[in-house]
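Colleague: Return atomic coordinates for the entry below.
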Amino acid sequence: MDPRRTLVFAGDSVTDCGRRTDPDGLGDGYVRKLYDDLGERRPRIVNVGISGNRAVDLAGRWSTDVLAEEPSLVSILIGINDTWRRYDKSDPTTAESFEASYRAILDPLACPVVLIEPFLLPVKAGQEEWREDLDPKLDVVRKLAVEYGAILVPADVELNRQATTVGAATLADDGVHPSAAGHQALADLWRKIVLED
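Modeller: Below you'll find the predicted structure:
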């Protein structure tokens, strides 16, 4: 990759991973693993994930946190909190509202875009019912990837496939936040889809 480029990773806690207390600003999740894997010719990598964010929150800070970095590529992983808040706070986000917020972040971009599927690995009792809410949002992400010509990283599909072998809790002990192994799996998938295909 060209070291003169700037890659911006945007999203929620899965991207954040403590980046705001990390001197390098990368956190200790998949963004850090990609940074380490890319070596000396890596581009400038900026992590603007914020724990707890939903798509509407990302839209609200898009200009200052993402566009201001003049990115060469933007990678977005958002959506699980749009589902989770329905079940823990009785604060749902409709698929239509999710799509409107997602379009608001895609429309101003003038660079290549990577969309990572939000994912859920059913670990805890009752999480299977989250699929009723998450699956329509996954459909939105997949549709927008086609419409906007973005690269789709099928994280939900691939991590659930891996979970059948290693166990869901090995990849994310609460079904949402990846373990070190889960972050490595996500970084490996991102690299394979974005850089090697």
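Colleague: what sits against the residue nearest the centre of the chain?
Modeller: Taking Cα atoms, centre = their mean, the centroid of the chain lies closest to L77, which sits 1.8 Å from it. Contact analysis of L77 by Cβ atoms under 8 Å, 6 or more residues apart in numbering lists F9, A10, G11, D12, V14, T15, G49, I116, P118, A155. Heads up, the C-betas are built off the backbone N, CA and C, glycines and all.
Colleague: show me where this structure has helices.
Modeller: Secondary structure of the chain (DSSP state H): helices at 13-16, 30-38, 55-60, 62-65, 80-88, 95-106, 131-148, 155-166, 168-171, 180-190.
Colleague: can you state the direction angle for the fifth one and helix 131-148?
Modeller: When you say that, I think you mean helix 80-88. Between the axes of helix 80-88 and helix 131-148, defined by axes from the mean of the first three to the mean of the last three Cα atoms, to 10 degrees, the angle is 160 degrees.
Colleague: elements contacting helix 80-88?
Modeller: helix 131-148 (3 or more Cβ pairs under 8 Å, 6 or more residues apart in numbering; DSSP states H and E).
Colleague: Flag every buried residue along the helix it packs on.
Modeller: Using 16 or more other Cβ atoms under 10 Å as the test for burial, helix 131-148 gives D133, L134, K137, L138, V140, V141, R142, L144, A145.
Colleague: cool, and stretch 114-129?
Modeller: V114, L115, I116, E117, P118, F119, L120, L121, P122, V123, Q127.
Colleague: and what of stretch 177-187?
Modeller: Going by neighbour count (16+ other Cβ under 10 Å), the buried part of stretch 177-187 is H177, P178, G182, H183, Q184, A185, L186, A187.
Colleague: just checking, the first one touches D16?
Modeller: It refers to H177. No - assessed by Cβ atoms under 8 Å, H177 is found out of contact with D16, at 10.2 Å.
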